[in-house]
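Asks: turn this into a structure:
(one chain, ligands or ions: 2)
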Amino acid sequence: MLASLRNIVQEVNGARSLGQVLAIIVKEVRSAMQAGVCSVYLFDESDQRYVLMASEGLRSESIGKVRLAMREGLVGLVAAREEPLNLENADKHPNFAYVEETGESPFHSFLGVPIIHHRKVLGVLVLQQETQRKFGDEEEAFVVTVCAQLSGAIAHAEATGALRQLASAGRGKSREAMFRGIPSSPGVGIGRAVLVSDTADLASVPERFATDTNAEIEIFRTALESAKEDMRNLGEGLESKLSSEEMALFEVYIRMLDDRSLGGEVIAAIIAGQAAQSAWSSVILKHVRTFRKMDDPYLRERAADVNDLGKRVLGYLQRNEKKTLPLPRRIILVGEDLSASALADIPVSRLVGIVSVKGSSNSHMAIVGRALGVPTVMGAVDLPWAEMEGHELIIDGFSGDVISRASRSMRRVYLQRQREEKLLAKDLEKLRDIPCVTPDGFPLSLFVNTGLRQDIAKALKSSAEGVGLYRTEIPFLMRSSFPTEDEQTAIYREQLQAFAPKPVTMRTLDIGGDKDLPYFPIEEENPFLGWRGIRISLDHPEIFLAQIRAMLRASEGLNNLRIMLPMISSVPELDRAIELIDRAYNELLQEEGYSIQRPEIGAMIEVPAAVYQVKELGRRVDFLSVGTNDLTQYLLAVDRNNPRVANLYHALHPAVLRALKEIYEQATAVNCKISICGEVAGDPLGAVVLLGLGYESLSMSANSLLKVKSMLNQVSKSEARRLVKRALRMSDAGSVSVFLSDALNRPELSKLYRPVIADKS
Ligand code: PEP
Ligand code: MG
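Replies: Residues are numbered from 1 along each chain as shown. Ligands and ions are numbered 1, 2, ... in the order given. Sure thing, here's the model as predicted:
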């Protein structure tokens, strides 16, 4: 039974749609249990009924048609009680409801198991048998395990929209639909969806249909030829190192791509209506599943080869598609798990919105959205993203709503909001050349966070005092291989030159976590607690030193560079990094004749361990900067990238405020400069809190700077101190937000932030 379970889970994980997931479950569970019928009913939110979504054993015409009310029949009972029901003679049970169209009359025994995901009943799996017998305890336990293991896959497939598509088939034209996500960058964007799927990930290819069959076949043949060429070259390159049997494998793979084999199957699928990419991935995934199920271990291992071959051809298909697809005038990027690298494929000037199914408001994609000033919604888990290509969407970056096929009246409302936003932005422009000083005379320094090329112009326009955080990993993310030292020098020089003589704080490479370089993937169980930031740099001094040398060389003659180290969690880490920086510096000066001023060196405080070592760290560096994005996630043990726990992530949580107070006091006690570069600095309410805590230097996205300046120019330091004193004594984040929002709810201030309404639940 364990082997069957493993097989089912493996197959389901490779499936690409809810239809496939369910088909595999009913087929495999029926066979493992040797039952007459295996069916899955899923709850359809839109009409509050359980729909028969898949069955092996019942009449196929009834699939999608049979709908049971919430408490109707045995299925309704299992769902309501949230526990299995195992009956020898189902038709004798008082709740039994006979559904004629299924053809279930010969079946007497019944085992129904609820499919529950995160406390929510998604549906019921039912087994039926002709003979009158109760399913055994072991059998019941097996089905309970299957349901528990597969509920996540079902929920995910549902979330990506397939349920909606299947259930509404044949019910007329679809209407306006609204999907809820996490508001991640304010503003309203109206445009057309452009889908981005993971490069060469077979399972994430959306189902698309061919508009021009011949063109799709042509695209496919070109990709096949390129892949065959690769295989030949690879084979030739390895000829001297491989045995003749191993060499023969290359021939086998090339032949597999022929028209008589995989190639032919895919062309048939394209002729049947699929686009090349979806046809290719469905065929390959089907073969991978078949190989994985084989008993012979040698043949089982071939699954990996077919998968690799599949990815190689898909890579070519995606590259060719990128060249040929016409892009809309106003682009909304839509994807399952978007990262900044998606921007490399589109003209960013046309980007008006970003929506990602995964991720949360502090994911790096959200930060990039804010930096670009593009309305962004993350964690839109119910969005049928794979079906959205070309659809007109409205992105509400204030509320997190994504609207498809908006009605005219809805569109008008949003156009009006866009106009209001523009007016506010225009109004704020007046502050550009005014210093940031509180009404009681305390000056603050406002810096910008940068990373993208586009940030430079925006940052310069915002009249920032310099760059408080330049995320060097962003240019790395936009490429297909590590940039060389010379290439890095050119990138950094552009930044330093644009802002000179104002300081530019360059953070050394901070990859890992949710920032994976496409060419340096890091597969980890727990990436935010794993190989990240400075840990990678210290393990790869060759990468770190090249980066430091590039920064130093870029600063020659400008002398406005500051170097900042991310994810510092111990003193030896910091000592080692400084030692390497000094080594690079001395080499450039003494051996290569450069004339460079030694830059200021700083460390980020973004790990709880660093909070308790501020003095030791502060004594070793010229400045410290608090990364509240990570500090919040680590203090609250809430993954900043996980929409499921997004409601628990609060940068104004009393625990975070107390840590910020401690950091400020410890840093000033050792005379170390201290600033904030996490997103809280760009939140007008957050900025008031930071003012009250004593911070005088804040770094934020250019788009937030004037709003923050407007706030700080109107709230005195003494008022901010009073507010913070009370907030620090509060017991939860919700109370802090409501308190601050109420306290600053004056007409001239409340237009700068979204007033928070108390949650009465
Ligand atoms: C932070 O963690 O607050 C920070 C500024 O760094 P990043 O968001 O890039 O992790
Ligand atoms: Mg960080």
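
Asks: got the residues of this structure near ligand 1?
Replies: 367, 469, 471, 510, 606, 627-630, 677-678 (Cβ under 6 Å from any ligand atom). C-beta: built from backbone N, CA, C; applies to glycine.

Asks: and stretch 612-621, which residues are buried?
Replies: 613-614, 617-618, 620-621 (16 or more other Cβ atoms under 10 Å).

Asks: again but with stretch 482-500, I slipped
Replies: For stretch 482-500, burial by neighbour count (16+ other Cβ under 10 Å) applies to 482-483, 488-489, 491-493, 495-496, 498-500.

Asks: equivalent analysis for stretch 602-610, please.
Replies: Buried residues in stretch 602-610, counted by 16+ other Cβ under 10 Å: 602-607, 610.

Asks: and this structure, what are its domain boundaries?
Replies: Using automatic domain parsing, the domain parsing of the chain gives 2-167, 178-197+336-416, 202-321, 432-750.

Asks: what's the most buried one of these?
Replies: Most buried of those by mean neighbour count (mean count of other Cβ atoms under 10 Å) is domain 178-197+336-416; its value is a mean of 22.

Asks: mind checking how far that one is from the chain centre?
Replies: Chain-centre distance of domain 178-197+336-416: 12 Å, with Cα atoms, centre = their mean, to the nearest Å.

Asks: endpoints of that domain, how far apart?
Replies: End-to-end distance of domain 178-197+336-416 (Cα to Cα, to the nearest Å): 19 Å.

Asks: make a markdown table from the buried residues of stretch 612-621 and add secondary structure and pLDDT to it.
Replies: Shown next, in a markdown table, are these (DSSP: H, G, I helix; E, B strand; the rest coil; pLDDT from 0 to 100):
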| residue | secondary structure | pLDDT |
| --- | --- | --- |
| 613 | coil | 98 |
| 614 | helix | 98 |
| 617 | helix | 98 |
| 618 | helix | 98 |
| 620 | helix | 98 |
| 621 | coil | 98 |
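
Asks: ok, back up a step: narrow the buried residues of stretch 482-500 to those in helices?
Replies: The helices, defined by DSSP state H, take in 488-489, 491-493, 495-496, 498-499 from the buried residues of stretch 482-500.

Asks: which single one of the buried residues of stretch 482-500 is nearest to residue 144?
Replies: Closest to residue 144 out of the buried residues of stretch 482-500 is residue 482 (48.4 Å), distances taken as Cβ to Cβ.

Asks: so the closest one makes contact with residue 542?
Replies: No. Residue 482 lies out of contact with residue 542 (Cβ atoms under 8 Å); the separation is 10.1 Å.

Asks: picking that back up, how about the buried residues of stretch 612-621 in a markdown table, adding distance to ligand 2?
Replies: Below are the buried residues of stretch 612-621 laid out as a markdown table (distance: Cβ to the ion, whole Å):
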| residue | distance to ligand 2 |
| --- | --- |
| 613 | 17 |
| 614 | 16 |
| 617 | 15 |
| 618 | 18 |
| 620 | 20 |
| 621 | 17 |
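
Asks: and stretch 182-202, average pLDDT?
Replies: Stretch 182-202 comes out with an average pLDDT of 87.

Asks: same check, this time on stretch 563-573
Replies: Across stretch 563-573, the average pLDDT comes to 98.

Asks: restricting to C-alpha, output that stretch in CSV.
Replies: C-alpha atoms of stretch 563-573 as CSV (Å, rounded to 0.1, in the frame of the first residue of the first chain):
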residue,chain,number,x,y,z
ILE,A,563,29.6,48.9,1.3
MET,A,564,26.9,47.1,3.3
LEU,A,565,26.8,43.4,4.3
PRO,A,566,23.5,41.5,4.5
MET,A,567,22.4,38.8,6.9
ILE,A,568,25.1,39.2,9.4
SER,A,569,24.4,36.9,12.4
SER,A,570,27.7,36.7,14.1
VAL,A,571,30.8,38.7,14.8
PRO,A,572,33.3,36.3,13.0
GLU,A,573,31.2,36.6,9.9
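
Asks: distance from the chain centre to it, please.
Replies: Taking mean C-alpha positions (Cα atoms, centre = their mean), stretch 563-573 and its chain are 26 Å apart.

Asks: so what touches it?
Replies: Residues outside stretch 563-573 that contact it (Cβ atoms under 8 Å, 6 or more residues apart in numbering): 469, 505-508, 510, 532-535, 538, 548, 551, 574, 577, 581, 599-607, 609-610, 613, 616-617, 620, 623, 625, 627, 630.

Asks: that older thread, if we only consider the buried residues of stretch 612-621, which is nearest to residue 115?
Replies: Nearest to residue 115 among those, with distances taken as Cβ to Cβ, is residue 613, at 47.7 Å.

Asks: up against ligand 2, what does the stretch 501-650 of the chain have?
Replies: The stretch 501-650 of the chain comes close to ligand 2 at residues 606, 627, 630, as judged by Cβ under 5 Å from the ion.

Asks: quick one: pLDDT of residue 29?
Replies: Model confidence at residue 29, given as pLDDT, is 92.

Asks: looks like it contacts residue 143 (just checking).
Replies: Yes. Residue 29 is in contact with residue 143 according to Cβ under 8 Å; the separation is 6.8 Å.

Asks: who touches both of these two?
Replies: Counting by Cβ under 8 Å, 6+ apart, the common neighbours of residue 29 and residue 143 are 125, 127.

Asks: sec struct for residue 152, please.
Replies: In three-state terms, and counting by DSSP: H, G, I helix; E, B strand; the rest coil, residue 152 is helix.

Asks: does it really touch residue 117, like I thought?
Replies: Yes. The pair residue 152 and residue 117 qualifies as a contact (Cβ under 8 Å) at a distance of 6.1 Å.

Asks: what are the phi and psi angles of residue 519?
Replies: phi -100, psi 10 (degrees, to the nearest 10).

Asks: nearest spatial neighbour of it, skipping sequence neighbours?
Replies: Using Cβ to Cβ, 6 or more residues apart in numbering and skipping residues adjacent in sequence, the residue nearest residue 519 is residue 481, 5.1 Å away.

Asks: next one: residue 532
Replies: Distances taken as Cβ to Cβ, 6+ apart put residue 512 closest to residue 532, at 3.3 Å, once the chain neighbours are dropped.

Asks: repeat that for residue 82.
Replies: Once flanking residues are discounted, residue 82 sits nearest to residue 114: 5.3 Å by Cβ to Cβ, 6+ apart.
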